[in-house]
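**Q** What follows is a protein structure lacking sequence information:
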């Protein structure tokens with residue numbers, strides 16, 4: 001099979017390798033679509049994965065090609081989404097079914113081979129069967145869409161809240177869409193320029209430009225989806241006294257709180273929370289099952305968020321586009337086995 005194998009930092013090869021083995025309780029997925037996450041840019045070009053070689057890619061969908069146990073044969077041929085986190089099932093968090101907070105998790109695309117390949121091995125438990133009405137590209141966006149939903153639940157958006165989302169990426173915009181579903185009165189996505197205005201407004205959200213903490217308006221709930229010191233400072237500045245600040249952006253380096261920032265958190269008596277990944281529990285109700293239902297029922301349309309689509313042979317072009325910010329983008333998608 002063909003796969004993008006990361007041999008070292010900034011050393012990604014499009015290699016011919018063997019289809020992975022399939023132990024009992026696992027399945028081989030024939031990948032049909034794979035999204036490029038901003039975390040993949042760091043893994044490929046600057047930070048690396050947990051070991052080498054590794055096949056990146058954790059946002060993907062496909063068809064079940066084979067299974068390791070005959071009792072799971074019913075899955076063969078099914079269209080599926082894939083929850084990329086593989087929990088240890090032994091830690092206190094797993095005992096409470098908070099698998100997203102597992103202390104000793106494995107992860108498809110960073111700790112083990114992922115979806116930038118024609119075939120990938122995953123546990124049966126991590127598969128979510130999908131209706132035929134959901135496209136493979138939409139299904140490949142279930143992971144970030146579920147992360148966005150999880151954030152809104154953790155943050156506790158309430159009916160009639162005035163909400164701000166700092167960050168114009170796919171997860172930020174999706175978080176705004178979920179906030180409306182949870183009853184927010186107004187949702188404003190905050191960016192640095194006009195680039196994303198049309199896309200954001202097409203998704204039914206307000207758009208505002210703010211370049212620093214002194215320009216932001218006041219909101220009941222502020223979600224930070226960038227992961228930079230200036231974005232955190234803006235979030236704290238934009239929250240009303242007694243408001244909520246939710247930190248979701250994945251930082252690329254240290255974030256230090258100034259004395260002034262810390263004082264503002266105290267004096268405004270803010271609720272400061274963090275959110276990570278998404279809740280999943282197999283076929284039981286979870287962020288993932290809700291995301292599937294929202295797409296299937298046309299309650300949230302993720303397709304407009306796909307700004308670029310590359311065939312599998314051209315995945316490197318998508319990575320480079322995002323690394324170099326060569327042009328505006330939202331979700332960069334790749335298609336496989338077509």
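**A** Perfect, thanks for sending it. Only a predicted model underlies this, so the values are computations on that prediction, with no experimental measurement involved.
**Q** Only C-alpha atoms from now on, for both contacts and neighbour counts.
**A** Noted.
**Q** For this protein, give the strand that spans the most residues.
**A** With DSSP state E setting the assignment, residue counts place strand 26-36 as the longest strand in the chain.
**Q** Could you name the helices and strands sitting against it?
**A** In terms of contacts (3 or more CA pairs under 8 Å, 6 or more residues apart in numbering; DSSP states H and E), strand 26-36 is packed against strand 59-67, strand 119-123, helix 136-139, strand 331-335.
**Q** and the last one, what other elements does it pack with?
**A** In other words, strand 331-335. Contact here means 3+ CA pairs under 8 Å, 6+ apart; on that basis strand 331-335 packs against strand 26-36, strand 306-311, helix 315-324.
**Q** out of these, deepest packed?
**A** With neighbours taken as mean count of other CA atoms under 10 Å, the helices and strands packed on strand 331-335 reach their highest mean count in strand 26-36, at a mean of 27.
**Q** Can you list the buried residues in stretch 57-74?
**A** Neighbour-count burial for stretch 57-74, counted by 16 or more other CA atoms under 10 Å, picks out 57, 58, 59, 60, 61, 62, 63, 64, 65, 66, 67, 68.
**Q** Distance to residue 205 added to the helices and strands packed on strand 331-335, as a markdown table?
**A** Formatted as a markdown table, the entries for the helices and strands packed on strand 331-335 read as follows, by distance: least, CA to CA, whole Å:
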| stretch | distance to residue 205 |
| --- | --- |
| strand 26-36 | 23 |
| strand 306-311 | 17 |
| helix 315-324 | 24 |
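**Q** will you turn the ones you listed into JSON lines that also has mean pLDDT and distance to residue 333?
**A** Shown next, in JSON lines, are those (pLDDT from 0 to 100; distance: least, CA to CA, whole Å):
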{"stretch": "strand 26-36", "mean pLDDT": "98", "distance to residue 333": "4"}
{"stretch": "strand 306-311", "mean pLDDT": "97", "distance to residue 333": "5"}
{"stretch": "helix 315-324", "mean pLDDT": "98", "distance to residue 333": "8"}
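**Q** For residue 337, which of those is the nearest?
**A** strand 26-36 (5.9 Å; CA to CA).
**Q** For that closest one, which strands pair with it and how are they oriented?
**A** Partner strands and pairing direction for strand 26-36 (DSSP bridges) are strand 59-67 (antiparallel), strand 119-123 (antiparallel), strand 331-335 (antiparallel).
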